[in-house]
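Student: here's my sequence, what's the structure:
(one chain, ligands or ions: 1)
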Amino acid sequence: MIKTAGLSKTFEGGVEAVKGVDISVAAGEIVGFLGPNGAGKTTTMRMLTTLLRPTSGTATVAGHDLLADAREVRRRIGYVSQSGGISPFAPLGEELELQAMLYGLPRAEAGTRVSEVLAQLDLKGLETRPGAALSGGQSRRFDIAFGLLHRPALLFLDEPTTGLDPQSRANLWEHIRALRAEHGVTVFLTTHYLDEADALCDRLLIIDHGRIVAEGAPAELKTGGRTLDDVFLDITGRSLREEAGV
Ligand SMILES: Nc1ncnc2c1ncn2[C@@H]1O[C@H](COP(=O)(O)OP(=O)(O)OP(=O)(O)O)[C@@H](O)[C@H]1O
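Tutor: As a prediction, the model looks like this:
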């Protein structure tokens, strides 16, 4: 579902954010993409979702070449950014319907599709509310609903549970698992919560300083009785990143 070779991004000014990353994600996997602040997660995700042009390397995403066929890639993926994008003012059911029509569905079909995604994410009854009248967990589920309208085979989630309480996080994990179990959606997500990575993901990729430094199933990485936190700190070191400006 995702295959990259030597994917790299150097920003203007010379910051080498991603330095030759090889990623392989199979259909139906839930893969966690971990790394310290500034490691290159968002930059990689923005490249894989066609939002940022790689400096070099190749990638196939959802069956299409990322550079030659970005339009086809976009039709087959959903992307939920860190900040989300739901309107604080407009009723979200109407916004979803509008979005579905922008994807090319006639009004009647758009209504049906909106009902489906509302049911999928347990949002029925909340569609008349604007974003400002929702809890954090409900807002995040609406963010995901927008990302699912066009039935993507592959869903990218950038820090889906940041800022949520433990109950809302566990609830969102259930919804993500159900997307895979019931609809076969492949999920590629970033998170700073290692318990989340451990509980939710089939496989983890750890990136640091723009390079993949470890990968494997959580159980494979947790060698020697270590927790995933220990493994992460052993691999990426204990020095602070943001303060160091790395
Ligand atoms: N537009 C940009 N121009 C220059 N440098 C950038 C730009 N965007 C990101 N960077 C740099 O690229 C590196 C990787 O950033 P990126 O946002 O991909 O990290 P991240 O792993 O997502 O971090 P976080 O966990 O803090 O979100 C950092 O050094 C960052 O400062």
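
Student: can you give me the buried ones in the longest strand seen in the chain?
Tutor: If you go by DSSP state E, the chain has its longest strand at strand 2-10. For strand 2-10, burial by neighbour count (16 or more other Cβ atoms under 10 Å) applies to Ile2, Thr4, Leu7, Ser8, Lys9. Every residue, glycine included, has its C-beta placed from N, CA and C.

Student: is it anywhere near the ligand?
Tutor: No - counting by Cβ under 6 Å from any ligand atom, the ligand has no neighbours in strand 2-10; the shortest distance is 7.9 Å.

Student: what mean pLDDT would you report for that strand?
Tutor: Mean pLDDT, strand 2-10: 98.

Student: save the buried residues of strand 2-10 as a markdown table, and put in distance to Leu155 too.
Tutor: Formatted as a markdown table, the buried residues of strand 2-10 follow (distance: Cβ to Cβ, whole Å):
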| residue | distance to Leu155 |
| --- | --- |
| Ile2 | 12 |
| Thr4 | 17 |
| Leu7 | 19 |
| Ser8 | 24 |
| Lys9 | 22 |
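
Student: out of these, the closest to the ligand would be?
Tutor: Lys9 (7.9 Å; Cβ to the nearest ligand atom).

Student: in the sheet, who's paired with that closest one?
Tutor: Per DSSP bridges, the residues bridged to Lys9 are Val18.

Student: any idea of the pLDDT on the residue nearest in space to the middle of the chain?
Tutor: Centroid-nearest residue in the chain: Leu157, 1.7 Å away (criterion: Cα atoms, centre = their mean). Confidence at Leu157, expressed as pLDDT, is 94.

Student: part of a strand, is it?
Tutor: Yes - counting by DSSP: H, G, I helix; E, B strand; the rest coil, Leu157 is part of a strand.

Student: so the closest residue to it other than its chain neighbours, which state does it fall into?
Tutor: In this structure, Leu157 finds its nearest non-sequential neighbour in Leu189, 4.0 Å apart by Cβ to Cβ, 6 or more residues apart in numbering. Under three-state DSSP, Leu189 falls in the strand class.

Student: tell me the contacts of Leu189?
Tutor: Ile30, Val31, Gly32, Phe33, Phe156, Leu157, Asp158, Glu159, Pro160, Ile176, Leu200, Cys201 (Cβ atoms under 8 Å, 6 or more residues apart in numbering).
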